[in-house]
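J.: please find the sequence and the predicted model below.
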Amino acid sequence: MTRYLLNRLGQSLVLLVLVSMIGFAVLNLAPGGPLSQFALTPGMTQADLDRISAQMGLDRPLVVQYADWFWRLLRGDWGRSFRDSRPVLDVIGGHFAATLLLMGTATVISVTIGTWVGIKGATKRYSIFDYAATVGAMVALSIPTFWFGLVAIYIFSLKLGWLPAGNMYTIGNGSFLDYAIHLIMPAMVLALVDVAVWSRYMRTATLDVINQDFVRTARAKGMTPRRVLMKHVVGNALLPMITLAGLQVPTLLGGALVTETVFTWPGMGRLFLDSLGYQDYPVVMGLLMFSAILVLLSNLAADLLTAFVDPRIRLT
Amino acid sequence: MSDKHRNAILHPNRRQALAMMGMVGATGLVMPAILGRDKAHAAPPSAPKGQVIIGFSQEPTVFNPHMLHIEVDEGIHFSVFDPLFNVDPEGKFTPALAVEVPTVENGGISADGLNWKVKLRDGVKWHDGKPFTADDVKFTLDLVVDKDFRSARRAGHDQVRDIKVVSPTEITWRMEKPYAPYASILAATFIVPKHILEPEKDRNTAPFNNAPVGTGPFKWVERVAGDHIELAANADYYGDGPYLERVIYKYIPDLTVLYTQFKTGDIDVTGLQWITPDHYDEAKALEGKTVQVVPGGTVESVTFNMEKPQFKDRAVRQALYHALDKTTIIDALYYGLPAPTETYMPQQSFYFNPDLPKHEFDIEKAKKILDDAGWKPGEDGIRAKDGVRLSFSNSTTAGNHIREQVQQFMQQSFKDIGVEMTISNLPPAVMWGEYWMQSKFDSVVVGLDFLTGPDPDTSDYFLTSSINAKGGAGQNTWQYSNPEVDKLLAEGGQVFVPEERKKAYLKIQEIMRDDLPFLPIFQYATIRGRKKGMTGFTPNVNNRIDSWNVGTWYWEQA
C-alpha cells in the first residue's frame, strides 16, 4: 500500500513538471505578451513598453524565465499577479472560497436529487416518473446555462422581484440570510444540469446492480424490497459514483464560467478567464498547477476510497 | 456647481452638439441636458449621505496610480488621490493640492518655460492623518522616474531637474527644456505619500498598492477581488465634497448583465463600458433613470501604413476617403450616436479646428482622382500603377462585431472604385502587439486617443522620430513623416500661452486632413445611465473615466 502510494505520488510529480513546462511554453509563445493590451493607452510609447518589459524580466530567454519561476515554486513562492501585484496564492484563495460556496451548494443539491431520481427511475423502470425524468434530463442538458440564467433573472428578479439579479451578497450586509438569498438562483441553475447528469449515471448504475443474482437471492430469502434496495442495490450502485465524483471534483472547483458571469459571482472561472485575457501569466500558471494538483489528488483519493469500500479491489 | 453643469453640456461645443442632436433625435440629448441643469439647483447635503454603486465591466486592480493600468483603475485613482491640479470639462486647470495653477502670467512658470514654482495647500492631511507637504510632491516626481519602479509613464517627468522643497508648502524645479504639455501630464499625476512608500524596499509590490492612502475625497475601505471595491467619505477633505458616505465600484464582467443590474437597481450608475448602443432606445425610456449620450475623446479611423507602396500616393488615400460612406456607417452600424469628424482632435478641445473641409462621399469623384493619378484598372478590374496593384489587407481586433461589419461595408465601397481590400483580423494580444507597434499591417480600423488629457501635443503619434519600425520609440505606426509637422509639433510644445499655441495645432490638423495618413470616421459617443436623483455627474472629455469628480456627486433630496 505504501509502495503504491509512493509510486502514484512519484508519477504525479513527473506529470506536474510536464504540465508546467507545456503550460509555460504555450502561454509565452503566444504572440502579443502581457504588455500589448496597453499599446492603445493614450500617450503609450514603445520606449515605455520596452522599459517595463525589461523591469518585469519579460525580455529574458524563455528557458531562464521558466527556470526562475520553477525554482521559486519549489521554495513555495508562486509569484505575484501582474494585474494587482498580490501573491498568486492569495489571488486564487479569494476566488476559491467563492467557488467552493457556489459549487458546494450546487453539488449537494444535485447529488441528493440526482441520486434519488436515478434510483427511483431504475426501480420503477418505464413508469411515467422514469419517462418524465429521462425527458427532463435531456431538456436540462440541452438548455444553454447562459440562457437559462438570463431567463431566471428575467422572471425572478425583473418581473417578480423575489430574488437579487446576481452578486454574492449585498455590499454592506453579508449576513447568512443575505448570502443564502443570493445563492438560490445561481446554485439552482448550476444544479439543474448536474441533476440531469447524476440521475442518468445513477439510473444506469442501479439497473446494472438490480438484475444481479445476489439481489434476486436477497429477495428470495424474504428481505423487504426496501431493505434489498438500501442494503444491496444502492450500496453497490454507488461504487462507480465514487470514481465519477473523483473526476468531477476538479471540474467543480474550476468554477462555472458561464454561471459566474451571468450572476456576477467572483469565482475561479472568472479569475481564469480574466487572467488569460490580461495575460497575467503568474496567475494563469498558478491556476494551471492548482487544477493539475486537484485532478491528480482527487483521482488518487477516488481510487483509494474505492479500494477501501470495495473489498474486491486490491491496490498494488 | 450650476456653472459646471451648464458648461459641460452646452458651452464648449454648441455647434457640434447641435449637429449631433440632429442625428440622435432631439430628445436624446436635450432632455438630459435640461434635467441636468434643473438638478443643479438642488443643494448637496450638509454631511455625507447615502452611497452610490458604480458598475464597471472591467475590474480595477491597479491602485498605485503610477503603475501601468487600464481606464477603470483611474476611477479609484480619482476618488482616493489628488493631483496638483485637475482638468475641468473645458480643458482648464483647476487647483487641487496646489493653491493656484502655475502659469507664465502668475509667475508659476518662468517666461522661458524652464523654471516652475508650485505653491501647495496648507493643512491637507493624508487619509492616515499625517500631514501632506512638498516632500510628498518631490517624492512622487522622483518615484515616476525611479529606475527600479515600473512607472507607466516617464515622458515629461524625465525633463525635470533640481527639485527643491522650499518650504512645506512650496516646491520648485527646473526643466531640461521648455515642455508645455507638462502641465497636462501633472494634472494626471496623482501625488502619493512619501511616509508610506519611501521605506518600502520594492515599491512595485508594496502593500500600499493594494490599500492606497491618498488625500482625495474618499478613503480606501476594502477590495473583494473579482467583485467590488468599497470607499468611504474622507471627512477631512479640503475641497468640495464628499457628499456620499460610500462609493462602491462593482465589477460586472458582462455588458448585458451590467445593463440588467442597472434596470433592476442593483447598480446606480453604469460606468465603463456603459450601455451598449443596441439598448439605447429601451434605456432612454426607462422610468426612474437618466440616460445620456456623452462624447469621448477617442477617434475611430482607417489607418494606413504609409510605407506600403499602395499608400505612398496621396491620391489613393484621398480617393479612399471619398469612397468611405461615413454617414451610413455611423447611422446603420453605430445607431447614429457618434459624431462624424475630420480630425484627430476632440471637438470639445480648445485646439479643435472647425474649419477643415467636410468629407464628401462620392464614388465618381473617387474614381476620377484615381484615373487622374494614373491608377488604371487591370484585367481583373483592380487598379494598378507602375506594377503596384491597389490591393491591401485591413485588420482590427477579431470579435469586434460592429467593426467587422464596417470592414465588410468598406470592402464593398472600395470594390466599386476598383480597389481590393481583404479582411484579416487578429486576436487583441496579437493585433496590438508587434503587428501594430512595428507597422506590420497594410491598414487597420482603430480607435485612438491621440491626446493625453487636454494637451494638444501628439508628438508620440506624428513625429518622424516616433516611428518604431524605423528605430523610434513612440507610436507613429502610420510611419507618417512630414518635416513641417515635425517643426510645428516642436514649436507648439514650447509655447505656454494657449492662445498662442493654438496656431500650430490648427495648422497640423489642416495638414493631416490633407495628407490623410488615416481616414477619420467619427469621435466616440457612449451611453451613460444613472438612477434619477444622482446629481453631479459631469462629462469631461479630458478624463477617461466618468467618476473623475465623484467627490461632488450627491443624491438629490426628496
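T.: Nice, I can see it.
J.: what about residue A:293, neighbour count?
T.: For residue A:293, the neighbour count with other C-beta atoms under 10 Å in any protein chain shown is 15. Bear in mind the C-beta positions are built from the backbone N, C-alpha and C, glycine included.
J.: residues contacting it?
T.: Going by C-beta atoms under 8 Å, 6 or more residues apart in numbering or on different chains, residue A:293 touches residue A:16.
J.: hmm, what's the outermost residue in chain B?
T.: Largest separation from the mean C-alpha position in chain B: residue B:379, at 46.2 Å (C-alpha atoms, centre = their mean).
J.: and the pLDDT at that one?
T.: pLDDT, residue B:379: 91.
J.: and if you look at the one 10 residues further on?
T.: In this model, residue B:389 is scored at 95, pLDDT.
J.: same question for residue B:2.
T.: 37.
J.: now do residue A:144
T.: Reading off the model, residue A:144 has pLDDT 85.
J.: which elements pack onto the longest helix anywhere in chain B?
T.: Longest helix of chain B, by residue count under DSSP state H: helix B:498-515. If you count contacts as 3 or more C-beta pairs under 8 Å, 6 or more residues apart in numbering or on different chains; DSSP states H and E, helix B:498-515 packs onto helix B:483-492.
J.: and the helix it packs on, what does it pack onto?
T.: Using 3+ C-beta pairs under 8 Å, 6+ apart: helix B:483-492 touches helix B:459-462, helix B:498-515.
J.: and with 6 Å instead?
T.: Contacts defined by 3 or more C-beta pairs under 6 Å, 6 or more residues apart in numbering or on different chains; DSSP states H and E place helix B:483-492 against helix B:498-515.
J.: averaged pLDDT, the helix it packs on. What do you get?
T.: For helix B:498-515, mean pLDDT is 95.
J.: chain center to that helix: distance?
T.: Chain-centre distance of helix B:498-515: 20 Å, with C-alpha atoms, centre = their mean, to the nearest Å.
J.: contacts for the next helix or strand after that helix?
T.: Next along the chain after helix B:498-515, taking DSSP states H and E as the criterion, comes strand B:518-531. The contact list for strand B:518-531, computed with C-beta atoms under 6 Å, 6 or more residues apart in numbering or on different chains, reads B:262, B:268-270, B:274-275, B:280, B:283, B:289-296, B:298-303, B:321, B:324, B:326, B:330, B:337-342, B:537.
J.: make a ChimeraX selection of the buried ones in those.
T.: Filtering these down to the buried ones (16 or more other C-beta atoms under 10 Å in any protein chain shown) takes a single ChimeraX command:
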select /B:262,268,269,270,274,275,280,283,289,290,291,292,293,294,295,296,298,299,300,301,302,303,321,324,326,330,337,338,339,340,341,342,537
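J.: which ones among the contacts of strand B:518-531 also lie next to chain A?
T.: With C-beta under 6 Å from any C-beta of the partner chain as the criterion, no member of the contacts of strand B:518-531 is in contact with chain A.
J.: and the closest residue to chain B within the stretch 151-300 of chain A, helix, strand or coil?
T.: Taking C-beta to the nearest C-beta, chain B has its nearest neighbour within the stretch 151-300 of chain A at residue A:266, 3.1 Å off. What DSSP: H, G, I helix; E, B strand; the rest coil gives for residue A:266 is coil.
J.: residue B:393 now?
T.: Here residue B:393 is recorded as strand under three-state DSSP.
J.: count the neighbours of it for me.
T.: Residue B:393 has 15 nearby residues by other C-beta under 10 Å.
J.: also residue A:10?
T.: Neighbours of residue A:10 under the rule other C-beta under 10 Å: 10.
J.: do the same with residue A:221
T.: 8.
J.: related to what we said a few turns ago, among the contacts of strand B:518-531, which are in strands?
T.: Those of the contacts of strand B:518-531 mapping onto strands are B:269-270, B:289-296, B:298-303, B:339-340, per DSSP state E.
J.: identify the bridge partners of residue B:391.
T.: residue B:420 (DSSP bridges).
J.: ignoring the adjacent residues along the chain, who's closest to residue 52?
T.: Let's take chain A. The shortest distance from residue A:52 to any non-neighbouring residue, by C-beta to C-beta, 6 or more residues apart in numbering or on different chains, is to residue B:150 (5.4 Å).
J.: you answered for a different chain; I wanted chain B.
T.: Spatially, and ignoring its direct neighbours in sequence, residue B:52 is nearest to residue B:268 (4.9 Å; C-beta to C-beta, 6+ apart).
J.: same thing with residue B:194?
T.: Per C-beta to C-beta, 6+ apart, closest to residue B:194 is residue B:139, 3.7 Å.
J.: three-state assignment of the residue lying closest to residue B:554 once chain neighbours are set aside?
T.: Leaving out its chain neighbours, the residue that sits closest to residue B:554 by C-beta to C-beta, 6+ apart is residue B:243, at 3.5 Å. Secondary structure, three-state DSSP: residue B:243 is coil.
J.: next, find the distance separating residue B:243 from residue B:492.
T.: Look at residue B:243 and residue B:492: by C-beta to C-beta, to the nearest Å, they are 40 Å apart.
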